[in-house]
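[1] mind folding the following:
(one chain, ligands or ions: 1)
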Amino acid sequence: MSRAILWFRNDQRLADNAALTAALAAHEEVLPVLIIDPRQHGPTPFGFDRCGPYRTHFLREGIAALDAELRSKGSALHVRVGEPATELTHLAQVWGARVVHAQQLYAWEEQEQERAVARVLDLRLHAPNTLLLPGDLPFPLHQLPHVFTAFRQKVEKLSPVRPLLRAPAHIPSPATWKGRAVAENDLCSGSIVGDHRAVLRFTGGRIAGLERLDHYLWGSRALGHYKETRNALLGADNSSKLSPWLATGALSAREVWHAVKRYEAEHGANESTYWLGFELLWRDFFQFTAAKHDRDLFLRGGIAGKPRRGDHDRRRFEAWCSGRTGQPFIDANMRELAATGWMSNRGRQNVASYLVHDLGLDWRMGAWWFEHMLIDHDPCSNWGNWQYVAGVGNDPREGRRFDPERQAGMYDAVGAYVRHWS
Ligand SMILES: Cc1cc2nc3c(=O)[nH]c(=O)nc-3n(C[C@H](O)[C@H](O)[C@H](O)COP(=O)(O)OP(=O)(O)OC[C@H]3O[C@@H](n4cnc5c(N)ncnc54)[C@H](O)[C@@H]3O)c2cc1C
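    Next comes the predicted model:
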């Protein structure tokens, strides 16, 4: 009997899952496993945990939903806590399965996990959750252009988005395979209180992700005016709000793309439908940038290797975190983040610029805080965007500072957003 471990990482779905498809094609039985690595949840260099209560809550819901979906297909998810190489080796010995199938991830620590697993087991990596697959790019990853526009111009015409893979009807696992549900203390503790001012009630897992996609495209048809509304600060449908489900892999980027194509076939293409794909290309760009630059994405001098700037003053940092800097537009955004685990893209750009250019802090303090708070945290998007704003990443223009008063005038002209979060 040929058995393989299917190592779920941040791919909380069975559809369009290349690792699952490959495991089923090559083996008679599959053992679905998810490993929570405590190194990625414990304390940051600045004291607070890497995974705060909102992200923990969203992850927990997503893992439970993945388990439920696996059970509906005749299998179950086995959740373990520890270092992936150790945990997978233990399972491989107990269940007699040396091959491990998994989705490829590009951030440094995830690559380190892969290298450690590949030293002890037969690890087979499959398509990442990107719009474009690395093998379809017109250049090798180490020759990825440094600037987004050059990347987009090269890939837009040449690299097709692959068709979707179907979810299997049944997943065969050993009769004695019971799985293990995610337990209360597997992830960081801390409870959350729902805030009625939140832009949306985000629920983890695939069903909720599909519902959001369906609502944004077909229910509200808000996709049709995305380009005009995407910078607005209040209102659930001003932007897609799909990032938390993309970050956990409850949705694949290719699924969103193909849904947009179906929408265009029915309601017509316009600048807005194009622009959602454009933003998904930004997402790809940061994934591939992480692959190209390895550890430099997380170092103070950034991928550009710039001199160190900023200090670690706790007082200024804590004022920023808690929304008490005295700058109303910055504080409103930081309060929204603190109360919900969410902030708009416009808000993120402004508060990041403020931390770096106005408060004079080390940009990594902000990146760690976002990692702790954001329910859509993705290492490539978060650290890549922070580097960009801090002027140590892919931005061809250096020291791009947002003037918060001017930004508030443009995006919150009557002060409704600041009042909402006062
Ligand atoms: C300092 C900073 C940190 C950020 N950290 C994260 C993060 O941890 N996780 C994350 O998913 N996004 C991050 N972003 C990018 C962006 O702010 C969010 O993706 C976006 O706000 C999510 O809202 P939405 O789903 O409504 O986006 P939409 O405007 O509807 O865009 C559609 C999708 O495109 C992708 N996207 C859009 N803008 C970007 C971008 N600048 N970079 C990468 N992908 C993008 C997202 O997957 C998003 O869901 C960060 C941006 C900044 C400035």
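
[2] C-alpha from now on. contacts and neighbour counts both.
    Will do.

[3] which parts of the stretch 251-400 of the chain sit against the ligand?
    276, 279-280, 282-283, 344-345, 348-349, 352, 376-378, 381-382, 385-386 (C-alpha under 6 Å from any ligand atom).

[4] pull out the buried members of the residues you listed.
    276, 280, 282-283, 344, 348-349, 352, 376-378, 381-382, 385-386 (16 or more other C-alpha atoms under 10 Å).

[5] what two of these are the furthest from one another?
    Greatest spatial distance in those: L276 and A352, 22.9 Å, computed using C-alpha to C-alpha.

[6] pop the domain breakdown of the chain in here.
    1-127, 206-293, 299-420 (automatic domain parsing).

[7] show me what contacts A304?
    V392, G393, N394 (C-alpha atoms under 8 Å, 6 or more residues apart in numbering).

[8] can you redo those residues as TSV with pLDDT and secondary structure?
    As requested, those are exported to TSV (pLDDT from 0 to 100; DSSP: H, G, I helix; E, B strand; the rest coil):
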residue	pLDDT	secondary structure
V392	94	coil
G393	93	coil
N394	89	coil
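
[9] next SSE downstream of the longest helix belonging to the chain?
    If you go by DSSP state H, the chain has its longest helix at helix 271-293. The first helix or strand that comes after helix 271-293 along the chain, using DSSP states H and E, is helix 314-321.

[10] any chance of the domains of the chain in a markdown table, with distance to V155 too?
    Below are these laid out as a markdown table (distance: least, C-alpha to C-alpha, whole Å):
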| stretch | distance to V155 |
| --- | --- |
| domain 1-127 | 17 |
| domain 206-293 | 9 |
| domain 299-420 | 17 |
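
[11] for T176, which of these is the nearest?
    domain 1-127 (10.2 Å).

[12] that older thread, can you mark which positions in the longest helix of the chain are buried?
    272-277, 280-293.

[13] which elements pack onto it?
    helix 148-158, helix 226-229, helix 253-267, helix 379-390 (3 or more C-alpha pairs under 8 Å, 6 or more residues apart in numbering; DSSP states H and E).

[14] among those, which is the most enclosed?
    For those, the largest average neighbour count (mean count of other C-alpha atoms under 10 Å) is found in helix 379-390, namely a mean of 25.

[15] and the contacts of that one?
    The contact list for helix 379-390 (C-alpha under 8 Å, 6+ apart) reads 106-107, 283, 286-287, 289-290, 297-298, 302, 349, 352-353, 356-357, 363-364, 366-367, 370-371, 393-395, 399-401.

[16] which strands and helices lie in contact with whichever helix or strand comes after that helix?
    Going down the chain from helix 379-390, the next helix or strand is helix 404-411, by DSSP H and E. Identification of packing neighbours for helix 404-411 by 3+ C-alpha pairs under 8 Å, 6+ apart yields helix 328-340.

[17] pretty sure K154 contacts D136?
    No: with contact defined as C-alpha atoms under 8 Å, K154 does not reach D136; the gap is 11.5 Å.

[18] give me the neighbour count for the closest residue to A253 other than its chain neighbours.
    The shortest distance from A253 to any non-neighbouring residue, by C-alpha to C-alpha, 6 or more residues apart in numbering, is to L131 (5.1 Å). Residues lying near L131 (other C-alpha atoms under 10 Å) number 23.

[19] OK, contacts around L131?
    So L131 contacts V161, A253, R254, W257, L280, L281, D284 (C-alpha under 8 Å, 6+ apart).

[20] repeat that with 10 Å
    Residues counted as contacts of L131 (C-alpha atoms under 10 Å, 6 or more residues apart in numbering) are 159-162, 252-258, 277, 280-281, 283-285.

[21] can I take it that W369 is in a helix?
    Yes: counting by DSSP: H, G, I helix; E, B strand; the rest coil, W369 is located in a helix.

[22] just the pLDDT at it, thanks.
    Per-residue pLDDT puts W369 at 98.

[23] what about it, distance to P328?
    Here W369 is placed at a distance of 20 Å from P328 (C-alpha to C-alpha, to the nearest Å).

[24] repeat that for L276.
    30 Å.

[25] in stretch 214-233, what counts as buried?
    Buried, per 16+ other C-alpha under 10 Å, within stretch 214-233: 215-217, 222-227, 229-233.

[26] closest to the ligand out of the residues you listed?
    Checking the buried residues of stretch 214-233 against the ligand by C-alpha to the nearest ligand atom gives R230 as the nearest, at 5.6 Å.

[27] dump the residue contacts of that closest one.
    So R230 contacts L223, D237, N238, S239, S240, S272, W275, L276, S344, N345, R346 (C-alpha under 10 Å, 6+ apart).

[28] let me have the residues you listed in a markdown table, adding pLDDT and secondary structure as columns.
    As requested, those are exported to a markdown table (pLDDT from 0 to 100; three-state DSSP):
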| residue | pLDDT | secondary structure |
| --- | --- | --- |
| L223 | 98 | helix |
| D237 | 98 | helix |
| N238 | 97 | helix |
| S239 | 98 | coil |
| S240 | 98 | coil |
| S272 | 98 | helix |
| W275 | 98 | helix |
| L276 | 98 | helix |
| S344 | 98 | coil |
| N345 | 98 | helix |
| R346 | 98 | helix |
